[in-house]
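Enquirer: Okay, sequence plus prediction incoming.
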Amino acid sequence: MSGPDVDFWQQRFLSGHTPWDRGAPSPQLRAWLDGGQLSPQALNGALAVPGCGAGYEVTELAARGFQVIGIDYASAAAALTRERLAQAGVRAEVVQADVLSWQPDVPLAAVYEQTCLCALHPDDWAAYGQQLHRWLQPGGQLCALFMQMRRDGASQGLVEGPPYHCDINAMRALFPSQRWQWPKPPYARAPHPMGMEELAVILTRR
């Protein structure tokens, strides 16, 4: 596996060196929930949150009535998510696993993809894209926040991260229209306190 390994992420969570952490669920998740684009009543099955980190989104979704599966590579992140769920008094399944090998017991109704793709080295994106397609049932939703993290080194061919820049052209290649239904742009932009932003797109598995 290219890029950061499990020890890299484990040490970040153990040390609390997680500058990407908003300290709350993403405002875009709440916008989708409040606007009805993401609804537990509309889903026929579970929703997974790969790379769930400290568990803010897992907890928010569980509190809103979703059947949630949080997945993280690092045991420290999985422990944080379980602790946050317990503090909130809500329940969700939390799995410590590699997203490149984990499989759900039954196809999922939705995936909330916020921080996993941009944390994976681009060498692993094709495998991860295949996984997301396998995980979801036909008609399932991929609620994606594509990280926009442009760096000057890209003009020299450098691949820098994490977080890795999720260029929209690369995303169209990773999630081709033959397998995914794309909404028409422009897409909502979710700002981040670190100065980054994300493009918010809900794809539907064909």
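Expert: Sure, I can see it.
Enquirer: Can you tell me how far residue 191 is from residue 26?
Expert: 10 Å (C-beta to C-beta, to the nearest Å). Quick note: C-beta positions are derived from backbone N, CA and C, even for glycine.
Enquirer: So for these two, which sits in the more crowded spot?
Expert: Neighbour comparison, residue 191 and residue 26: the larger count goes to residue 26, with 20 against 11 (by other C-beta atoms under 10 Å).
Enquirer: For that one, list the residues it contacts.
Expert: Contacts for residue 26 (C-beta atoms under 8 Å, 6 or more residues apart in numbering) come out as 56, 57, 114, 145, 190.
Enquirer: and if you look at residue 71?
Expert: Counting by C-beta under 8 Å, 6+ apart, residue 71 makes contact with 48, 49, 50, 51, 52, 94, 95, 96, 97, 99, 102.
Enquirer: if we go to 6 Å?
Expert: Contacts for residue 71 (C-beta atoms under 6 Å, 6 or more residues apart in numbering) come out as 50, 95, 97, 99.
Enquirer: What is the helix or strand harbouring residue 111 packed up against?
Expert: Following DSSP states H and E, one finds residue 111 within strand 108-113. Judged by 3 or more C-beta pairs under 6 Å, 6 or more residues apart in numbering; DSSP states H and E, strand 108-113 is in contact with strand 47-50, strand 136-148.
Enquirer: quick revisit: using a markdown table, please lay out the contacts of residue 26 together with pLDDT.
Expert: Converted to a markdown table, the contacts of residue 26 look like this (pLDDT from 0 to 100):
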| residue | pLDDT |
| --- | --- |
| 56 | 96 |
| 57 | 98 |
| 114 | 94 |
| 145 | 97 |
| 190 | 91 |
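Enquirer: Got the phi and psi for the nearest residue to residue 164 once chain neighbours are set aside?
Expert: Of all residues not flanking residue 164 in the chain, residue 118 sits nearest, at 5.2 Å (C-beta to C-beta, 6 or more residues apart in numbering). When read as degrees, to the nearest 10, the backbone of residue 118 gives phi -70, psi -10.
Enquirer: Run a quick neighbour tally on the nearest residue to residue 30 once chain neighbours are set aside.
Expert: Leaving out its chain neighbours, the residue that sits closest to residue 30 by C-beta to C-beta, 6+ apart is residue 60, at 7.2 Å. Residue 60 sits with 22 neighbouring residues when counted by other C-beta under 10 Å.
Enquirer: Tell me where the protein has helices.
Expert: Counting by DSSP state H, the chain has helices at residues 6-15, 27-35, 56-63, 75-88, 125-135, 168-174.
Enquirer: possible to save those as JSON lines with distance to residue 141?
Expert: Formatted as JSON lines, the helices of the chain follow (distance: least, C-beta to C-beta, whole Å):
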{"stretch": "helix 6-15", "distance to residue 141": "26"}
{"stretch": "helix 27-35", "distance to residue 141": "10"}
{"stretch": "helix 56-63", "distance to residue 141": "13"}
{"stretch": "helix 75-88", "distance to residue 141": "21"}
{"stretch": "helix 125-135", "distance to residue 141": "11"}
{"stretch": "helix 168-174", "distance to residue 141": "16"}
